[in-house]
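> Please work out how this folds:
(one chain, ligands or ions: 1)
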Amino acid sequence: MTSTDLVSQANSAFDFAERQLRHLVTNYPGLFPLYTQNGKWNHQSESWTNWCEGFLGGMLWLVAKQTGDAWWRGKAEEYSGLIEHRKLDRSVHDLGFLFLPTWKVWYELTGEKEKQQPVLEAGRTLALRYQEKGRYLQSFVAPESLFIDIMMNVEIIFYAARELGDENLQRIALEHCYTTRRYLVRGDGSTGHEAIFDLQTGEFLRQSTHQGWRGDSSWARGQGWGLSGFVTAYKYTNEIRFLNTAIALADYFIERTPAHGVPPNDWDQPSPKLAYESSAAAIAAGGLLDLGDVVTDPVLAEKYRQQARRTLATLVTTEFLAIQKPEWEGILLHGIYHERKGLGVDESVLWGDYFFLAALDKVLQNASSSPVQSTGVVHTPPKYEK
Ligand code: GLY
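Next up, the predicted model:
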């Protein structure tokens with residue numbers, strides 16, 4: 001598929017997303033789903049944790065931007081407004097997921113300071129999860145637990161630190177990234193899902209997992225969270241080690257995934273029941289586009305952009321886009337939330353839909369603007385042991 005074809009497919013995918021989202025917000029007003037059950041958003045199955053409430057608003061902002069339509073803008077504001085109280089929520093580690101796709105976008109569009117306040121507050125709240133001894137932000141499951149997923153949320157602390165000039169917030173965000181890099185990124189560029197620490201001493205004890213196959217295996221979505229998270233951490237800090245880590249994670253993702261770009265839930269799981277975890281592919285596509293924008297070597301940049309385009313070209317086919325399933329309410333097929341718990345297995349997952357649209361939005365943006373400026377930082381890709 002050429003770049004022009006992908007742009008046209010991205011526009012069609014946005015048209016389809018518009019239909020699915022209109023159905024969701026008009027048929028189930030105020031519902032914030034996580035995953036479909038037999039293709040339907042409205043069901044009573046458990047959430048495990050409530051971390052997805054920013055993705056619906058995030059998609060509404062993306063569609064509002066694509067269409068320029070006041071109805072979508074109204075819905076985007078409404079669904080952002082509905083989650084404002086979560087800025088003080090200390091029960092989840094996902095405040096970046098809630099406030100970056102919604103209130104930060106709203107603030108950037110309007111420049112109205114009161115729209116920025118919830119983002120800054122959420123950044124301060126997330127930083128309260130910091131464990132001084134182990135130097136990490138604790139996951140929602142326990143104080144001794146660090147998740148790779150938090151790399152995707154730490155941006156909100158970097159952002160609050162920068163906007164408030166708060167050195168302590170900056171320290172917390174930075175230390176969290178160093179700790180994640182040290183204990184969850186392996187020598188071959190793969191990542192663990194969870195690190196467990198001794199709370200008394202701060203000593204790292206072991207790697208573990210909830211949604212992957214085993215503690216020492218490679219959960220594909222976690223790899224996507226890590227890849228995107230380390231690119232973002234690099235953008236906020238210029239710390240070359242974060243860029244090199246992102247490169248290592250990207251290379252591992254590419255090496256382990258078939259050419260079409262969609263991995264299974266865990267690369268190490270023998271004979272997985274399902275071939276695809278489409279949300280991991282959507283997350284990685286966005287991360288690879290971002291990585292392509294920050295590496296200075298044009299050959300490397302093209303390698304990552306090409307892989308991202310190839311992945312998106314797969315996701316826009318009818319194998320993955322639910323366009324030929326009239327009863328299906330989600331956008332992307334073949335996502336997996338939590339295989340062991342049997343939640344959202346081979347279904348649409350809200351974050352998969354969001355990161356898919358966000359990556360397509362980047363493609364459309366790049367097609368209509370001049371190339372992104374490089375940071376001017378020179379780097380040497382590291383050699384990693386196999
Ligand atoms: N809780 C984040 C995830 O399922 O990836």
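> Pull up the residues of the stretch 1-150 of the chain that are close to the ligand.
Within reach of the ligand by CB under 6 Å from any ligand atom, the stretch 1-150 of the chain has these residues: 51, 149. No exception for glycine: its C-beta is placed from N, CA and C like everyone else's.
> What's the nearest residue in the stretch 1-150 of the chain when you look at the ligand?
Residue of the stretch 1-150 of the chain nearest the ligand, by CB to the nearest ligand atom: residue 149 (4.6 Å).
> any idea which element the residue nearest to residue 27 when sequence neighbours are not counted lies in?
Excluding the flanking residues, the one nearest residue 27 by CB to CB, 6 or more residues apart in numbering is residue 42, at 7.9 Å. In the assignment (DSSP states H and E), residue 42 maps to no helix and no strand.
> Give me the neighbour count for residue 45.
Residue 45: 15 surrounding residues under other CB atoms under 10 Å.
> what sits up against the helix or strand encompassing residue 250?
Secondary structure assignment for residue 250, by DSSP H and E: helix 240-256. With contacts defined as CB atoms under 8 Å, 6 or more residues apart in numbering, helix 240-256 is touched by 177, 181, 185, 188-191, 218, 220, 223-224, 226-227, 230-231, 233-234, 263, 267, 284, 287-288, 291, 294-295, 300, 304, 307, 377, 379, 381-382, 384.
> Which among the residues you listed count as buried?
In those, burial by neighbour count holds for 177, 181, 185, 189-191, 218, 220, 223-224, 226-227, 230-231, 233-234, 263, 267, 284, 287-288, 291, 294-295, 300, 304, 307, 379, 384, counting by 16 or more other CB atoms under 10 Å.
> Going along the chain, name the helices of the stretch 1-150 of the chain.
Secondary structure of the stretch 1-150 of the chain by DSSP state H, counting those that start in this stretch: the helices cover 3-27, 53-67, 70-81, 95-99, 103-110, 113-127.
> The buried ones among the contacts of helix 240-256 in strands, which ones?
Among the buried ones among the contacts of helix 240-256, no member is found in strands (DSSP state E).
> Please verify my assumption that residue 304 contacts residue 294.
No: with contacts counted by CB atoms under 8 Å, residue 304 stays clear of residue 294, the gap being 9.6 Å.
> need the contact list for the closest residue to residue 290 other than its chain neighbours.
With CB to CB, 6+ apart as the criterion, residue 290 has its nearest non-adjacent residue at 4.6 Å, and that residue is residue 231. By CB under 8 Å, 6+ apart, the residues touching residue 231 are 242-243, 246, 287, 290-291, 294.
> Check residue 136 too.
Neighbouring residues of residue 136 by CB under 8 Å, 6+ apart: 130, 146, 150, 175-176, 179-180, 195, 197.
> do that again at 6 Å, thanks
146, 176, 179 (CB atoms under 6 Å, 6 or more residues apart in numbering).
> Let's see the pLDDT reported for it.
Looking at residue 136, its pLDDT stands at 99.
> With residue 384 instead?
At residue 384, pLDDT is 33.
> So what sits opposite residue 219 in the bridge?
For residue 219, the beta-bridge partners under DSSP bridges are residue 266.
> so it touches residue 191, yeah?
No: Residue 219 is beyond contact range of residue 191, at 7.7 Å (criterion: CB atoms under 6 Å).
> what about residue 312, which helix or strand?
Residue 312 belongs to helix 298-315, assigned by DSSP H and E.
> Report the buried residues of that helix.
300-301, 303-305, 307-315.
> How far away from the center of its chain is stretch 111-120?
Relative to its parent chain, stretch 111-120 has a centroid offset of 22 Å by CA atoms, centre = their mean, to the nearest Å.
> check contacts around the one residue in the stretch 251-386 of the chain that gets nearest to the ligand.
Proximity of the stretch 251-386 of the chain to the ligand (CB to the nearest ligand atom) peaks at residue 337, 5.9 Å away. Contacts for residue 337 (CB under 6 Å, 6+ apart) come out as 35, 343-344, 349.
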